[in-house]
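Student: Here is a sequence together with a model predicted from it:
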Amino acid sequence: MSLSFDPVAFNLAEGLKHWGTVMLVVAIVAFFTALVTSLLASGLAGPWQLFVHLGGGFQDLAGTSLRRCLALSQLTFREALRRKTLWVFAVFAVLFLFAGWFLSDVTADADLQVKNYVSFVLRTISWLILPVALLLSCWGLPEDIKARSLHTVVTKPVRRHEIVIGRVLGFAAIGGLVLGIMSAVGYVWINRQLPESMRSQLTARVPVYGDIRFVDNEGQDKDAQGNILIEGINTGDENMFRSFVEGNTKSRAIWEFSNVDPARLEGGGRLVLESSFQAFRTYKGNIEKQLLCQFTLVNSTKKLKVPLKAFEVREFRRNVYDVAAENPSLQDTDGKTVELAELLAGGKLQVETACLSSAQFLGMARPDLFVRLPDRPFAVGYFKSIANIGLMMLMVVVLGVMSGCFLKGPVATMLTLFIVIVGRMAHGFLDTLVTGKVQYHNPHVQFQGAGPIDALYRILTHMTPGVALEDKPLFRVINWLDNQALTVLWAIRSMFPDFTAYDTTEYTANAFDVPWAEAMLPNLAMAAGYCLPWIIVGYFSLRLRELESK
Amino acid sequence: MNNLTSLQRKLLYLGGIVLLLIPITWLGLPAEPAHGAGNQGSPGGYLAQKRAEYGLGESDLGNVDPASSTMNLLLLGFRGIATNLLWMDAVEQQRNKDWASLRATTESIILLQPHFLKVWQFQGWNLAYNVSAEWDGVADRYYWVKEGIKFFKKGQGRNKMYGELLWYTGDTTGKKIGRSDEQKQFRRYFRSDPDVARFNGGPDPDVNPNSRDNYLEAGEWFQRANDTIETYGIEQHIMAPYLFRAYPARSQFDYAAALQREGNFGEVTQNAWSEGFQQWTTKYGKMPFECELLGRRIHLEVSGDEMRDMVAREVAQNLPDGKRESFWVNRYQDTTNYRYWRTRSLVETEKLMAEAHRELYEGQQALFRADDATARQRYTDGMLKFEKILNEYPDLKVEDEMIEEAILAQIGWRQCLELVDEEVPEQYPLKEFWDAHPMRHGTVKQEFDRQRRGAR
């Protein structure tokens, strides 16, 4: 019941800066490309026409009428209903009616069962809503143009961008309606389908994550180059997400929490630490006893160090450690009694984690230990996940409408589908290509030779990707060329939004709330960041499109 | 184009439909099962009859799972692609230790491949052995062993004509629970599940419905595997038939041996061996096995006198080896270790053997709790009795289990002597085993140390 990835808080200011830069570059490139094209196509009159269109475009945008947009969205909504959109409910109903066949008795373990049910509902909703949104949005405008029914709209006093926005709002409204009903049914279904005894597992844990660093088994917290140790020991697990601390040595994992507000803690001040570490045994030992783990609370400002009572680690389970319940009185290493409030002074807290079982290892990654705040109702996490599906649907709608502005229905569908598939299934691969970092596994492991020429050289010389190229002129040239290639690849990757980010099932299914800073905010920002330029592209495409041409 | 009116055309189409329906009905009418004495049912159309004749219907293979059939129909020709994707998912989920998803994915895979025995075998084994070993808690490991057993059982329901999955169910119930490092806990959990909230201190009825020893439960699964092969005439593809059919009796031997390992040497254990002897000699031993090169069926239970007569007869007929029944009986007996188990199970029913085992076991327990005087006494008595019985049945002296037990006893006995700084005497019981097998001392010592750790 732990996360298999590291949730990192989104820096909005950085994101905006990055987005602004990219948009500026794209706008400049687009402007000059259009300028040259118009010059070649129409001579000196070309640039003039370009400025006229741009000026007209900005004038249109400035005169946007919300009333007209809403009227158009109403029209779109009705049209979607006429196209039998709501038939998707029939598929939904059939799936849920027979879901019991596929899911019942898959496993009787409460943690695992809850995960299966929640995942099933969220995935089903996600996979049903996307095709509906995609088909509606891709075929709407092209069909209207083909049937010439758009003529009845464009001859009215509406601006073309209002048509685009109206379409988006209309399709989003019908999608939202379908999503709302599905999510409500799904929520009731989960609650009814799960046995009474398992319903307590339906919750939304609220974690406060810290930053992790390691101390090796000789007590060193830096490597030979003087860098802080960000990894523990590798015990040979294929999945390198977690690294290990060795038992009964000076090896430690240290979490630093910088935002622990005592007022927000459980029961108004009870510190609850929750962990899910992995066990690695070098010998069997007493198999009826689990490996021992000990937390030590540290306030470095006040030079306080309080070792807590050790506990047995239940692997792949939630290990909830209520500090006050396990330790009726807190004493520092000198035996002096310490109040929890003293330790938490300034909202900063260090938790040193040690394995006490000799020659055994405990594996951990950053999200494996957190300060647990009071839980929120399951509905909060669930509907946040639904909201994320809604955001993804909105992006697909905008993308589909934009494609429909300059392509015919089937081609627009293929383009949108391609972008969605790459965004959902191949974004990790693109990330790996661009950054050289291996997804799913250790985020710190980076392969050398991510560039094409470097890779070619390595293939021909049988050089492994773990070895860096020597500092020679030839290799410097190769590096430079590869960097240019990777920059182009980076630009291509940026054209595809990472739709996997909208799948927040792992949070909800693992009984976590969907965090604001790590998931909701970046997803909102990404939706806005992509939708805005897509709408502008859609608008100019429709503005320049000859509607008489089917 | 033609002079027919719209109505006439429609009537013509209707007539065509009716005409086509006649052969379709004749071909495709489904069979109707008999309901009670009054209704004899119907054999159905031509296709239904042929399907029944050649056993081609899905229901002939086992229970029909509506979810599985629905999935396969809905996927049209894409079943292979979907299955591949699911297998890739399963591998990735296992790598990421996402057990809930892995379990759900295995269920999806078997929906698509319900009659592919290797899928059931692979994933059942994977759950019972690989996934189970990933968990640190013994109770958690037991949970996954049970998941594997349940998976095999479910597979058997879908494939009732085949003995393989019954055998795997028995094998996992017997070997995984009774022979793994966690055997002590697993055997206990098998009768009293650690999930007290669900099973109230009793066994999980899905894996142990009769609340009995795991080896007895396994024996029943092995027997059902044999019966299934007999009933449907479809031979399994795991091992030679004469080895496969031995498993019910072998499981009975395992049960008796497990009782001894756990320190039970009374009547129950002797009865268990006696039951094993009966099963081995009167049931398995009398089972006929096809011997292709001989051209007829043979059975393994042949007494010494019968064998001598058989050899004399064949020598008189001047038959070559490949045509002698005695040759093939001997060969099959060697492969199955038939004579050893026959002698062993017979010996184990004897009181002297039971006492020898008990003395050696008690000696070891006394040594582990540092009661070296009692240990030495028990060891000495046990070794004497063990030697005596082995001298009565010298065939057993070359068998691994006997040799190892003799060396194991001497390791404990020698430690008793070391504790009082006493030299090993020139002559002592079971000495011949110690001298004859010096290469085995190391491995048996490891076993001794393992038992010592387990006793703590």
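Tutor: Looks like it arrived, so ask away. Numbering: from 1, shown residues only, chains lettered A, B, ... in the order given.
Student: Just want the residue of the stretch 301-450 of chain A that's nearest chain B.
Tutor: Going by CB to the nearest CB, chain B is nearest to A:Glu315 of the stretch 301-450 of chain A, at 3.9 Å. Placement of C-beta: from N, CA and C, glycine included.
Student: what's the burial count for that residue?
Tutor: Counted by other CB atoms under 10 Å in any protein chain shown, the residues lying close to A:Glu315 total 21.
Student: Please identify which helix or strand holds it.
Tutor: Take DSSP states H and E as the rule and A:Glu315 turns out to sit in neither a helix nor a strand.
Student: wait, doesn't it sit right on B:Ala133?
Tutor: No. With contacts counted by CB atoms under 8 Å, A:Glu315 stays clear of B:Ala133, the gap being 11.7 Å.
Student: which ones are touching the spatially most central residue of chain B?
Tutor: The residue lying closest to the centre of chain B (CA atoms, centre = their mean) is B:Asp171, at 2.7 Å. B:Asp171 sits next to B:218, B:247 when contact means CB atoms under 8 Å, 6 or more residues apart in numbering or on different chains.
Student: Kindly confirm my reading that it forms part of a strand.
Tutor: No. Residue state for B:Asp171 (DSSP: H, G, I helix; E, B strand; the rest coil) corresponds to helix; a strand is not indicated.
Student: For the strand or helix carrying B:Gly412, name the packing helices and strands.
Tutor: Using DSSP H and E, B:Gly412 maps to helix B:400-419. For helix B:400-419, the elements it packs on are helix B:351-368, helix B:372-392, helix B:431-436, helix B:441-455, judged by 3 or more CB pairs under 8 Å, 6 or more residues apart in numbering or on different chains; DSSP states H and E.
Student: Quick check: buried residues in that helix?
Tutor: Within helix B:400-419, the residues that count as buried by 16 or more other CB atoms under 10 Å in any protein chain shown are B:402-413, B:415-417.
Student: can you list the residues that contact that helix?
Tutor: So helix B:400-419 is contacted by B:344, B:360, B:363-364, B:367, B:372, B:375-376, B:379-380, B:382-383, B:386, B:390, B:396-397, B:423-424, B:428, B:430, B:433-434, B:437, B:440-441, B:444-445, B:447-448 (CB under 8 Å, 6+ apart).
Student: quick one: low-confidence parts of the stretch 451-550 of chain A?
Tutor: A:547-550 (pLDDT under 70).
Student: Which residue is it, in it, that comes closest to chain B?
Tutor: Taking CB to the nearest CB, the stretch 451-550 of chain A has A:Ala509 as its residue nearest chain B, at 8.1 Å.
Student: Report the contact partners of that residue.
Tutor: Here A:Ala509 is in contact with A:114-116, A:118-119, A:122 (criterion: CB under 8 Å, 6+ apart).
Student: What's the per-residue pLDDT of the residue lying farthest from the centre of chain B here?
Tutor: The centre of chain B is farthest from one residue, B:Asn3, which by CA atoms, centre = their mean lies 76.1 Å away. Looking at B:Asn3, its pLDDT is 81.
Student: In which helix or strand does it reside?
Tutor: Applying DSSP H and E, one finds B:Asn3 in no helix or strand.
Student: Could you list the domains of the chain?
Tutor: You didn't pick a chain, so chain A it is. Structural domains assigned to chain A are A:12-201+A:378-426+A:503-544, A:242-364, following automatic domain parsing.
Student: should've been chain B
Tutor: As assigned by automatic domain parsing, chain B contains the domains B:60-113, B:350-455.
Student: Give me the mean pLDDT for the shortest one.
Tutor: Looking back up the chat, that one is domain B:60-113. 81.
Student: how far out from the middle of the chain is that domain?
Tutor: Computed by CA atoms, centre = their mean, to the nearest Å, the separation of domain B:60-113 from the middle of its chain amounts to 26 Å.
Student: Please identify which of the domains of chain B is closest to A:Lys284.
Tutor: domain B:350-455 (8.2 Å; CB to CB).
Student: Helix or strand: which one has A:Leu489?
Tutor: helix A:473-494.
Student: Assign B:Gln236 to helix, strand or coil.
Tutor: Classification of B:Gln236 using three-state DSSP returns coil.
Student: right, and the domains of chain B - which one's nearest B:Glu182?
Tutor: Nearest to B:Glu182, of all the domains of chain B, is domain B:350-455, at 10.4 Å by CB to CB.
Student: Mind naming the longest helix for chain B?
Tutor: helix B:6-28 (DSSP state H).
Student: what does the stretch 201-350 of chain A put close to chain B?
Tutor: A:238-239, A:241, A:278-279, A:281, A:284, A:286-288, A:290-291, A:313-317 (CB under 8 Å from any CB of the partner chain).
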